[in-house]
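Chemist: could you look at this predicted model? Sequence included:
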Amino acid sequence: MDLTERQKKILIMLKEKSLLSGDEIAQNLNITKSALRTDFSILTTLKLITSKQNKGYSYNNKCTIIKVRDCMSPQNSIDIRTSVYDAIIHLFNYDLGTLVVVENEKLVGIISRKDLLKATLNKKI
């Protein structure tokens, strides 16, 4: 999986300074912290960075040894054509917080419990 330019910049910043808060990273990139949520989710899922509550994010030095294929879970991904109902069932069967959405084995997005709850409340099932 290829990282976006923004994700690469985040990794470079965290390599240079070991611990940065989400606010500091957002300020350095001139974007909002909420815009970085998906990037943080992907980078922590790939174990490229670690998140420490109330402290911030740090670069995972061990990630240079471990390959992504060795730590990824196939049950964390769903196809883009999967129904919301099936995604909810999958999420709770595997006790997951988020699902990686793929199309033709390429990342197209991430969907969370909150996203699925919004979809059901808006009756988009």
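Modeler: Now that the structure is in, tell me what you want to look at.
Chemist: give me the buried positions along stretch 99-118.
Modeler: L99, V100, V101, V102, I110, I111, S112, L116 (16 or more other CB atoms under 10 Å). (Each C-beta comes from the backbone N, C-alpha and C, glycine too.)
Chemist: what about the helix or strand hosting R37, average pLDDT?
Modeler: Using DSSP states H and E, the element containing R37 is helix 37-45. Here helix 37-45 scores 89 as its mean pLDDT.
Chemist: for stretch 60-74, same thing?
Modeler: 65.
Chemist: wait, T38 touches I110, no?
Modeler: Yes. At 5.8 Å, T38 and I110 qualify as touching, with contact defined as CB atoms under 8 Å.
Chemist: pretty sure T45 sits against V100.
Modeler: Yes. Using CB under 8 Å, T45 is in contact with V100, at 7.4 Å.
Chemist: what do the two both touch?
Modeler: When contacts are counted by CB atoms under 8 Å, 6 or more residues apart in numbering, the set common to T45 and V100 consists of N76.
Chemist: circling back to that earlier point, and the furthest pair within the buried residues of stretch 99-118?
Modeler: V102 and L116 (16.6 Å; CB to CB).
Chemist: neighbours of Q27, just the number please.
Modeler: A count of nearby residues for Q27, using other CB atoms under 10 Å, gives 13.
Chemist: just the buried residues of stretch 99-118: which are in helices?
Modeler: L116 (DSSP state H).
Chemist: between the buried residues of stretch 99-118, which is closest to I10?
Modeler: I110 (15.8 Å).
Chemist: the closest one against L99, yeah?
Modeler: Yes. If you go by CB under 8 Å, I110 and L99 touch, sitting 7.0 Å apart.
Chemist: picking up where we left off before, mind putting the buried residues of stretch 99-118 into CSV with pLDDT?
Modeler: Formatted as CSV, those follow (pLDDT from 0 to 100):
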residue, pLDDT
L99, 92
V100, 90
V101, 92
V102, 92
I110, 93
I111, 94
S112, 92
L116, 91
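Chemist: a markdown table for the buried residues of stretch 99-118, including distance to S34?
Modeler: What follows is these, written out as a markdown table (distance: CB to CB, whole Å):
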| residue | distance to S34 |
| --- | --- |
| L99 | 20 |
| V100 | 20 |
| V101 | 19 |
| V102 | 24 |
| I110 | 14 |
| I111 | 17 |
| S112 | 13 |
| L116 | 19 |
